[in-house]
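>>> build me a model:
(2 chains)
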Amino acid sequence: MNEKIRTVIFTVIVTAVFVFMVSGVNALLNDKIIANRTIARQKVILRLFGFYQPGNNLPDQVIPQLFASATAKVSFPEKPALECYRPSQGASRFFVVAFSGQGFWDNISGFIALDLDQGKIGGLEFTQHGETPGLGGRISEPEFKARFKDKPINSVRSDGLRLKLVAEGSATKPDEVDGITGATGTSNAVEKIINNTITSFISLNEGGKQ
Amino acid sequence: MSAGPVKGVAALKRMLWEENPVIGQILGICSALAVTNLVKNTLVMCLGLIFTLMMSCFTVSLLRNVIPRQVRMIIQVLVIAAYVIVIKIILDAYLPEISNELGPYVGLIITNCIVMGRTEGYAMNNKPVDAILDGIGAGIGYSLVLLPIAMIREPLGLGTFFGMQLLPTDWTRWNMMVIAPSGFFALATYIWLVRAFKAGEGKR
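From the prediction side, this is the model:
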């Protein structure tokens, strides 16, 4: 009996000590981690606007300033939760819109740049996904994201989609995008998320000027 | 495995060659396949593992006489997990990009059999100083396998070394070398060569 109580007390004490240690380190560094995440998000948005290239080695400290001066937040009264940005200069209708939706495994979220003046996609970036590495996970490769660039967004196909993800290597029409072989589930999920985002954003913009 | 307890520097040295955890015991294979396509990530992973091994072996060894036998494995996992989470937090704070690239693999140091193997197999029965040396040895032994593999995979797969352009830019990248299957081939070839060498050494 005595031995059992000693075991329980020992386990509780050791657990408490290590929990204390881990939470201590976490509390010390949490602000820095949150700042890093914010900067990573801002970099993605700036890159979609073309204000930042991964190669140009801007120090992280200047990113928040650049972000604040170069972009402006757009809010829609009908959809207050939608995260959307435009360049702070000029009157072009070029927007970077946040999207999120169910992927094959986990939520897929990111940002898409929509050029409403020219009616095409400016670019696409994923900030979070949990797709299978090597298969669906390939959506985060630059080569895949580039497949969406300059795709038309205004025309609706006969099947109700604006863009269709087809078998890899078989996209011939402008409203078709190469999907990923071996990741049909991910391709379908991305197709659904992108189409929904574009449709809802266009209808928002037609409903009222921001 | 060996007769009698191994102490001091000998505990470190045998992990590098004779009882190398990857070559001799085929432990830690998952991470060996996953992270070795970039030298930088591999180096961070190796340093993380060396740190975890060193700290876990030291802590477990300090506690070895007071840990009740029934809960010793739970305590070992707890100690290992605590140190790994600390590493993950530090990486998130100071090297966010590497942390992002390594993804779940840092967290998976917890399940790296080498760590559990050394704490249970050595640190539970030996003094803290020996346990630290043994832990560092196992970590370096692991690095001695991973780093050469990464140094072959990254240049062939991406034409770069440590992120810098090594081969001419018109080099045709071997995409195969970037994905996990080539890790299998590279690791198997490496183990084969080392074992063939060891066998040759034994004959002499």
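
>>> what's near enough to touch the residue lying farthest from the centre of chain B?
No residue in chain B sits farther from the centre than B:Asp170, which is 33.9 Å out by Cα atoms, centre = their mean. If a contact means Cβ atoms under 8 Å, 6 or more residues apart in numbering or on different chains, then B:Asp170 has no contacts. Placement of C-beta: from N, CA and C, glycine included.

>>> distance of it relative to B:Glu154?
Using Cβ to Cβ, to the nearest Å, one gets 18 Å for the distance from B:Asp170 to B:Glu154.

>>> and the helices in chain A?
In chain A, the helices defined using DSSP state H lie at A:2-49, A:63-70, A:142-146, A:184-207.

>>> to chain B, which of those helices lies closest?
helix A:2-49 (4.0 Å; Cβ to the nearest Cβ).

>>> chain center to the closest one, what's the gap?
25 Å (Cα atoms, centre = their mean, to the nearest Å).

>>> avg pLDDT for that helix?
Helix A:2-49 comes out with an average pLDDT of 93.

>>> likewise stretch A:90-110?
Mean per-residue pLDDT for stretch A:90-110: 91.

>>> got the buried residues for that stretch?
A:94-99, A:103-104, A:108, A:110 (16 or more other Cβ atoms under 10 Å in any protein chain shown).

>>> among the residues you listed, which ones are in strands?
Counted as lying in strands by DSSP state E, out of the buried residues of stretch A:90-110, are A:94-99, A:108, A:110.

>>> from those residues, which single one is nearest A:Phe18?
Nearest to A:Phe18 out of those is A:Ile108 (Cβ to Cβ; 34.7 Å).

>>> ok, the nearest residue to A:Thr181 once chain neighbours are set aside - contacts?
Distances taken as Cβ to Cβ, 6 or more residues apart in numbering or on different chains place A:Glu168 nearest to A:Thr181, at 4.4 Å, with adjacent residues excluded. Counting by Cβ under 8 Å, 6+ apart, A:Glu168 touches A:178-181.

>>> for chain B, which residues are neighbours of chain A?
Residues of chain B lying close to chain A by Cβ under 8 Å from any Cβ of the partner chain are B:63, B:66-68, B:70-71, B:74-75, B:78-79, B:82, B:85-86, B:89-90, B:92-94, B:96, B:100, B:179-180.

>>> give the buried residues for the helix or strand bottoming out on mean pLDDT in chain B.
The helix or strand of chain B with the lowest confidence, counting by mean pLDDT, DSSP states H and E, is helix B:175-178 at a mean of 74. Across helix B:175-178, burial judged by 16+ other Cβ under 10 Å covers B:177-178.

>>> and it, how far out from the chain middle?
Its chain's C-alpha centre and that of helix B:175-178 lie 22 Å apart, by Cα atoms, centre = their mean.

>>> also stretch B:48-66?
The answer for stretch B:48-66 is 15 Å, by Cα atoms, centre = their mean.

>>> cool, stretch B:111-123 as well?
Counting by Cα atoms, centre = their mean, stretch B:111-123 is centred 11 Å from the centre of its parent chain.

>>> same check on stretch B:96-109?
14 Å.

>>> could you do stretch B:112-130 as well?
Chain-centre distance of stretch B:112-130: 14 Å, with Cα atoms, centre = their mean.

>>> need the longest helix for chain B.
For chain B, the helix reaching the highest residue count under DSSP H is reported as helix B:128-158.

>>> what packs against that helix?
Judged by 3 or more Cβ pairs under 8 Å, 6 or more residues apart in numbering or on different chains; DSSP states H and E, helix B:128-158 is in contact with helix B:8-16, helix B:29-34, helix B:39-63, helix B:113-121, strand B:160-161, helix B:175-178, helix B:180-203.

>>> just name the most buried of the ones you listed.
For these, average neighbour numbers computed from mean count of other Cβ atoms under 10 Å in any protein chain shown are highest in helix B:39-63, which has a mean of 22.

>>> shaky segments in chain B?
For chain B, the stretches with pLDDT under 70 are B:1-4, B:203-204.

>>> the most centrally placed residue in it and B:Val44, how far apart?
For chain B, the residue nearest the mean C-alpha position is B:Tyr142 (3.7 Å; Cα atoms, centre = their mean). According to Cβ to Cβ, B:Tyr142 and B:Val44 sit 13 Å apart.

>>> ok, B:Tyr105 next?
Going from B:Tyr105 to B:Val44 by Cβ to Cβ gives 10 Å.

>>> before we move on, what about B:Gly117?
Per Cβ to Cβ, B:Gly117 is found 22 Å from B:Val44.

>>> also A:Leu114?
Per Cβ to Cβ, A:Leu114 is found 37 Å from B:Val44.

>>> what do you get for A:Ala35?
Distance from A:Ala35 to B:Val44, counting by Cβ to Cβ: 21 Å.

>>> got it, and A:Ala113?
Relative to B:Val44, and taking Cβ to Cβ, A:Ala113 is found at 32 Å.

>>> one more: B:Gly139?
To B:Val44, B:Gly139 is 13 Å away according to Cβ to Cβ.

>>> one more: B:Ile90?
Counting by Cβ to Cβ, the gap from B:Ile90 to B:Val44 is 11 Å.

>>> tell me which element B:Ile90 is part of?
Assigned by DSSP states H and E, B:Ile90 belongs to helix B:72-94.

>>> A:Val19: how many residues sit nearby?
12 (other Cβ atoms under 10 Å in any protein chain shown).

>>> what's near enough to touch it?
Here A:Val19 is in contact with B:Ala82 (criterion: Cβ under 8 Å, 6+ apart).

>>> and if you look at the one 10 residues further on?
Listed by Cβ under 8 Å, 6+ apart, the contact partners of A:Leu29 are B:89-90, B:92-93.
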